[in-house]
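Asker: Make a model of this:
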Amino acid sequence: MGRHRSGSTTPEWTGAAATGSARGSRRTALWVGVAVLAVVATTSATVALVVRDGGGGSAGAGLAGGAECERTVRVVTSSSFAPVLEAVGSELARGSDCIGLDTVAVDGRAAAAQVGEREADVWIPDDASWAAITSPDLLAEEGQAGSGTVLATSPIYMVTEPATAKRVEAAGGGWLGLASLLTAPDSGIRLAVRDPDGSGDGMVAAGSLAEAVWLESGMDASSAALSSALPVTRRVQGAGPALPDRPGEVALVPEYALLPAIEWVGDARLLAGTDHTAVLRFAWLPTAAAVGSPERSAALQRLLAALKGSAANAAIDAARLRRPDGEAPPEAPTDRLPPLKAPALEILKPHHVDHVFAAWNVKDRRSSTLLVIDVSGSMREPAPGSRTPLIQLVQRGALAVGRLLPDESALGLWAFGAGLDPPRDYQVLLATEPLSARHRQNLSRAVGKLTARTTGTGLYDTILASYRSATASYRKGLGNQVVVFTDGRNEDDPGSINPQQLGAALEQATDEKRPVELTVVAFGSRPEVKVLEEAIDPVHGYVSEVETPDEVWAAFLHAAANGVHG
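Answerer: Below you'll find the model as predicted:
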């Protein structure tokens, strides 16, 4: 079932290039396969819109012996799952108690809007993590009416030519190893994925790469890895699968999209990942409105039972999907598919999905960000493993945030130290305003004023003041955040509030209609960090401990990529 159309032309490449030599020029079966797949795919139907109705509008979807069904289930699904619904719908449309399916196939981020606009009963996207981008209260709660049930799966493979596969294997053969190659300077390794905006193929593939880094090194490192991988990534637009088209390129391809091309990819190697298995999970996500209606809910249960039943197995096989924990489709050449030995990565959480979009789409970085920088005496000290003073690393990071944020964002900059601007412990170097050309120029001048001084920290009073300020100046439609960079200690600050008072005051300052994220980046692992974590917990604040220059840089990249959240 060739539902994908390759957008690539057949590339020239030198066979010797894959082994590091400059001799010879030939086309290999892998790259010829891209062109052959394109020919095969163009003769097959790409599912863009599937509507099963009785000719009389949406009231009677699915015909049974010429008679319209009294009940209709409105479904939004992915193009890769639409054939399954078409097959199951044919069965449900039979008999006097038939149910019709009114199905539209929409992929990627656009699907979430369709669920609301069509007043759909259920959404079956190509991965459960898409639920993160829906509006509040649109979908039923997890477990309600089977919400969250995984109906089918498709593992994601790394596909590349043998020489590059050996390099991935030498790096560990897993997703973390691939990430290390992509982020290493001048490694020559590139990535190919479908556009994350347009499909679960791309979003989950990119998210899995980031997730491997997150599990190993934390959130900031994950965000930095995504940002570093972007310049060496080819994003494939349209319905075609992302296949490698040059030496050194690793494509991330789900099994269902790879199988139509498997006969023509020649000597390409397929790697499943030795540390994790990346998986698309086609999930059942009923809407809250449908679950709340007895009639609509009863029809939903009929459809869910049919999709979980044995009658749907043939349709799932034909779509080249797997049942949850199932074997490869019957026609799959198992001798070419690597065994899935590593545990599956979990469904991407909402914040992790946000990271994928914000790291790769500048519009998703829209935020109102207040950077609050410690300028106490300890900031003169060099970062561990470096001769560069911490304050210089922070200056570079603040400028990078300004470069990475789009014009629609707002940015502010404070410096703080005990008694820095009496009676306050902080000084406003740049008011939080939209990032116009003039404001960007002002940012450069303000960053130049960040100099370490002989003063205490004044940390707790400043955290509270910055959180209150961000809440008061809340900008609707943007991700609002305060990011504090500090040595982690609250010292030499006469009259300072204590941690308990900070926590109580933060909780009192919280406004549900004006949510502000609070992140404190603490240099060095100190006992005071634990106290700080407890103090900002009432507003779900996050403390990131950093020790090396790379970790400092990653923290700033995360601040820039922490934009609009679903």
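Asker: Show me the shaky parts of the stretch 201-350 of the chain.
Answerer: Applying pLDDT under 70 to the stretch 201-350 of the chain flags the ranges 264-265.
Asker: make that the chain, sorry
Answerer: Applying pLDDT under 70 to the chain picks out residues 1-67, 264-265, 488, 490-493, 525-527, 562-566.
Asker: Excluding sequence neighbours, find me the nearest residue to Val106.
Answerer: Nearest residue to Val106, sequence neighbours excluded (C-beta to C-beta, 6 or more residues apart in numbering): Gln114, at 4.8 Å. (Each C-beta comes from the backbone N, C-alpha and C, glycine too.)
Asker: The host helix or strand of that neighbour packs against which elements?
Answerer: Using DSSP states H and E, Gln114 falls within helix 110-117. When contacts are defined as 3 or more C-beta pairs under 8 Å, 6 or more residues apart in numbering; DSSP states H and E, helix 110-117 sits against strand 71-77, strand 122-124.
Asker: For the residue nearest to Val106, give me its contacts.
Answerer: Residues in contact with Gln114 (C-beta atoms under 8 Å, 6 or more residues apart in numbering) are Val76, Val104, Val106, Ala120.
Asker: Where do the helices of the stretch 301-450 of the chain begin and end?
Answerer: Counting by DSSP state H, counting those that start in this stretch, the stretch 301-450 of the chain has helices at residues 313-318, 350-360, 390-404, 437-448.
Asker: quick one, which of those helices is packed in tightest?
Answerer: Most buried of the helices of the stretch 301-450 of the chain, by mean neighbour count (mean count of other C-beta atoms under 10 Å): helix 350-360, with a mean of 23.
Asker: the strands in the stretch 151-300 of the chain, which residues?
Answerer: 190-194, 233-236, 249-254, 269-271, 278-283, 285-286 (DSSP state E, counting those that start in this stretch).
Asker: the domain parsing of this structure - what is it?
Answerer: 15-42+156-279, 63-153+280-318, 361-561 (automatic domain parsing).
Asker: possible to save these as TSV with distance to Ile347?
Answerer: TSV is the format used below for the domains of the chain (distance: least, C-beta to C-beta, whole Å):
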stretch	distance to Ile347
domain 15-42+156-279	9
domain 63-153+280-318	5
domain 361-561	20
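Asker: follow-up on the earlier one: include distance to Trp553 and mean neighbour count when you put the strands of the stretch 151-300 of the chain into CSV, please.
Answerer: Conversion of the strands of the stretch 151-300 of the chain to CSV gives the following (distance: least, C-beta to C-beta, whole Å; neighbours: other C-beta atoms under 10 Å):
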stretch, distance to Trp553, mean neighbour count
strand 190-194, 21, 25
strand 233-236, 20, 19
strand 249-254, 25, 26
strand 269-271, 29, 19
strand 278-283, 27, 25
strand 285-286, 38, 26
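Asker: CSV please, covering those strands and showing distance to Glu551.
Answerer: As requested, those are arranged in CSV below (distance: least, C-beta to C-beta, whole Å):
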stretch, distance to Glu551
strand 190-194, 23
strand 233-236, 23
strand 249-254, 26
strand 269-271, 29
strand 278-283, 26
strand 285-286, 37
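Asker: now for those, which one comes closest to Ser496?
Answerer: In terms of C-beta to C-beta, the element of the strands of the stretch 151-300 of the chain nearest to Ser496 is strand 233-236, at 46.6 Å.
Asker: could you check the angle helix 350-360 makes with the longest helix along the chain?
Answerer: Looking across the chain with DSSP state H, the single longest helix is helix 200-217. If you take axes from the mean of the first three to the mean of the last three C-alpha atoms, to 10 degrees, helix 200-217 sits at 110 degrees to helix 350-360.
Asker: relative to strand 190-194, how tilted is helix 200-217?
Answerer: Computed by the same axes, to 10 degrees, the angle separating helix 200-217 from strand 190-194 equals 130 degrees.
Asker: So for helix 200-217, what gets flagged as buried?
Answerer: Across helix 200-217, burial judged by 16 or more other C-beta atoms under 10 Å covers 200-214, 217.
Asker: Pick the one among these closest to Leu348.
Answerer: Distance to Leu348, by C-beta to C-beta, is smallest for Gly207 among these, at 4.6 Å.
Asker: Verify the contact between Ala318 and Val88 for me.
Answerer: No. Using C-beta atoms under 8 Å, Ala318 is not in contact with Val88, being 11.6 Å away.
Asker: Run through who's touching stretch 194-204.
Answerer: The contact list for stretch 194-204, computed with C-beta under 8 Å, 6+ apart, reads 78, 107-109, 125-127, 129-130, 156, 193, 205-207, 235-238, 241-242, 252-254, 257, 278-280, 348, 353, 356-357, 360-361.
Asker: count of neighbours near Lys341?
Answerer: Counted with other C-beta atoms under 10 Å, the neighbours of Lys341 add up to 9.
Asker: measure Pro185 to Leu399 for me?
Answerer: 21 Å (C-beta to C-beta, to the nearest Å).
Asker: still on that earlier bit, indicate which one of the helices of the stretch 301-450 of the chain is closest to Ala229.
Answerer: Nearest to Ala229, of these and by C-beta to C-beta, is helix 350-360 at 8.5 Å.
Asker: hmm, who's touching the closest one?
Answerer: By C-beta under 8 Å, 6+ apart, helix 350-360 touches 129-130, 132-133, 196-197, 203, 206-207, 210-211, 214, 219, 222-223, 226-227, 230, 233, 235, 348, 364-365, 561-566.
Asker: and the contacts of Gln114 as CSV, adding distance to Ala163?
Answerer: Listed next are those as CSV, based on distance: C-beta to C-beta, whole Å:
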residue, distance to Ala163
Val76, 43
Val104, 44
Val106, 39
Ala120, 47
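Asker: And the strands in the stretch 451-566 of the chain?
Answerer: 479-486, 517-523, 542-546.
Asker: Would you convert those into JSON lines that also reports distance to Ala289 and mean neighbour count?
Answerer: Output for those, formatted as JSON lines (distance: least, C-beta to C-beta, whole Å; neighbours: other C-beta under 10 Å):
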{"stretch": "strand 479-486", "distance to Ala289": "28", "mean neighbour count": "25"}
{"stretch": "strand 517-523", "distance to Ala289": "30", "mean neighbour count": "23"}
{"stretch": "strand 542-546", "distance to Ala289": "34", "mean neighbour count": "20"}
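Asker: and those as JSON lines, adding distance to Gly95?
Answerer: Converted to JSON lines, the strands of the stretch 451-566 of the chain look like this (distance: least, C-beta to C-beta, whole Å):
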{"stretch": "strand 479-486", "distance to Gly95": "51"}
{"stretch": "strand 517-523", "distance to Gly95": "53"}
{"stretch": "strand 542-546", "distance to Gly95": "55"}
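Asker: Strands - which of the contacts of Gln114 land there?
Answerer: In this view, the contacts of Gln114 that belong to strands under DSSP state E are Val76, Val104.
Asker: Which members of the contacts of Gln114 are the farthest-apart pair?
Answerer: Greatest spatial distance among the contacts of Gln114 (C-beta to C-beta): Val106 and Ala120, at 10.3 Å.
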